[in-house]
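Student: Predicted model follows, preceded by the sequence.
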Amino acid sequence: MLCDDAFDRYLHKSPVKHTILLNGFATAYSVRHSRRARNLRITIDPTRGLIATVPLAQHEQTVEPFLRKKARWILKYLSKAKRLEGKTIIKHSKREYEKNKLFVLKTVKERIAFFNSFYKFHHRMIRIRNQTSLWGSCTRTGNLQFNYKLVYLPKRSVDYIVVHELCHLKEHNHSQRFWKLVEKMIPDYKQIRRSLRQYVMQEG
Ligand SMILES: [Zn+2]
């Protein structure tokens, strides 16, 4: 005889696929029966999609009304999960920030010195921060800030980000003139920009 856990695992292996119309959207979901679950619950798994876990004692007929009740939540999180499909998620951690910020500062300073021997732009402070959505920024007063998460990127991407912010010292916009400046040092900048879209930063 199977113990509870093994029985649950056995049931989980073969979830039954269904489709329901939620606010006009055909939404696929699977049903799992669980001995351990006390209440009907829904989860969204990045690879398996929407899953309803039903306690063994509960009838499956309760699932559809429950999904309809939660339609807004489900649709919101399903579209979020879809957006994250195939992306590299970089989670923020204070420990990683403390561990890497000096290394990133040193790297960035070296690369700025290297590229600025060509551009010769004037900048002020260089800081490493924990930005939640930016890789780097350049203030109107000429301070350059970079995200410690650059530590997770390939060297070529770091170079592009450094050059991007450096060129903002001259062109504080994303005009044609700005991109021409970037291109002088990073001819394949378009490709690198595209590759950066695979990363998603997340808090906590
Ligand atoms: Zn920019």
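Tutor: Sure, I can see it. Nothing here was measured: the structure is a model prediction, and the numbers come from that model.
Student: for the chain, longest strand please?
Tutor: With residue count as the measure and DSSP state E as the assignment, the chain has strand 25-34 as its longest strand.
Student: and after it, which helix or strand comes next?
Tutor: Past strand 25-34, further along toward the C-terminus, the next helix or strand under DSSP states H and E is strand 41-45.
Student: Enumerate every residue touching residue 54.
Tutor: With contact taken as C-beta atoms under 8 Å, 6 or more residues apart in numbering, residue 54 is in contact with 31-34, 37, 40, 60, 62-63. Using the backbone N, CA and C atoms, a C-beta is placed for each residue, glycine as well.
Student: Low-confidence stretches in the chain?
Tutor: The model of the chain has pLDDT under 70 over residues 1-16, 204.
Student: all strands for it, in order.
Tutor: Listed in chain order, the strands found in the chain under DSSP E are 16-22, 25-34, 41-45, 49-55, 88-91, 126-129, 136-138, 144-147, 199-202.
Student: Can you list the neighbours in contact with the first one?
Tutor: In this case it means strand 16-22. Counting contacts by C-beta under 8 Å, 6+ apart, the residues outside strand 16-22 that touch it are 26-31, 64, 67-68, 71, 74-75.
Student: that older thread, of all the contacts of residue 54, which comes closest to residue 169?
Tutor: Proximity of the contacts of residue 54 to residue 169 (C-beta to C-beta) peaks at residue 32, which lies at 56.2 Å.
Student: who does that closest one bridge with?
Tutor: Bridge pairing for residue 32 (DSSP bridges) gives the partners residue 53.
Student: show me what contacts the closest residue to residue 58 other than its chain neighbours?
Tutor: Closest residue to residue 58 in three dimensions, ignoring its sequence neighbours and counting by C-beta to C-beta, 6 or more residues apart in numbering: residue 40, at 6.0 Å. Each residue near residue 40 by C-beta under 8 Å, 6+ apart is listed here: 52-55, 58, 62-63, 66.
Student: among those residues, which ones are buried?
Tutor: Burial by neighbour count, judged by 16 or more other C-beta atoms under 10 Å, picks out 52-55, 63 from these.
Student: Distance to residue 89 added to these, as JSON lines?
Tutor: As requested, the buried ones among the contacts of residue 40 are arranged in JSON lines below (distance: C-beta to C-beta, whole Å):
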{"residue": "52", "distance to residue 89": "25"}
{"residue": "53", "distance to residue 89": "25"}
{"residue": "54", "distance to residue 89": "30"}
{"residue": "55", "distance to residue 89": "32"}
{"residue": "63", "distance to residue 89": "30"}
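Student: Now the residue nearest to residue 58, what are its backbone angles?
Tutor: As for residue 40, its main-chain torsions (degrees, to the nearest 10) stand at phi -70, psi 130.
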